[in-house]
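A.B. asks: how does the following fold in three dimensions:
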Amino acid sequence: MPRLFTAIEVPDEIGLALAGYRGGLSGARWIDVENYHITLRFLGDIDEETAQEAAYLLGQVRRPPFEVTITGPDAFGGGRPRALVAKVSPSPAILELQAEHERLARRAGLPAESRKFAPHVTLARLRDASPRAVADYLGLRGGPPGLSFRAEQFVLYSSRDSVGGGPYVVEAAYPLR
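C.D. replies: Alright, predicted model coming up:
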């Protein structure tokens, strides 16, 4: 069974700029730069028939390219920080694309996503990082990085169950047009 998700790839030059956040936080497992992406919809470990149906439905998406803006570093998890992320501006274009992916996933027979969509690039997974250490890190490294790029496509990734994310394989690419 493949583990699948849809995402927007982060261009190499943006990934290299985000790599400047690496280091300086105890308990962080840093994601490899080549694995940076913005997840739109996690499909999960699904059977081959459902995977083919989802891939077909995603091919029906017709949306224009749009600008993606990274607004700055943050952490997910509140009192128990679990990830260091680069937040992405929730523009109407990215929210509508994600909502369409949600509708298509449900049409393919997958359950509804229970979490609210918060676009981001995961920079590190945190293990035993104290809220204070994360707050200090963000205080020193914070501030908007002023990064943006044009999303020209989205992809269907497969992944292997591994520690720290990746490697991810592009199973299909869908141009925005």
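A.B. asks: tell me what the helix or strand hosting L40 is packed against?
C.D. replies: L40 is part of strand 37-45 when elements are defined by DSSP states H and E. Packing partners of strand 37-45 (3 or more CB pairs under 8 Å, 6 or more residues apart in numbering; DSSP states H and E): strand 3-9, helix 92-107, strand 120-126, strand 153-159. The way it works is simple: take the backbone N, C-alpha and C, and place the C-beta from them, glycine included.
A.B. asks: for those, which one sits closest to L147?
C.D. replies: When those are compared by CB to CB, strand 120-126 sits nearest L147, at 9.7 Å.
A.B. asks: quick check: mean pLDDT across the following helix or strand past the closest one?
C.D. replies: Heading C-terminal from strand 120-126, the first helix or strand you meet, by DSSP H and E, is helix 131-141. Averaged across helix 131-141, pLDDT comes to 93.
A.B. asks: how far does helix 131-141 sit from the chain's center?
C.D. replies: 22 Å (CA atoms, centre = their mean, to the nearest Å).
A.B. asks: one more: stretch 151-159?
C.D. replies: 10 Å.
A.B. asks: what's the answer for stretch 66-83, then?
C.D. replies: When C-alpha coordinates are averaged (CA atoms, centre = their mean), stretch 66-83 and its chain have centres 10 Å apart.
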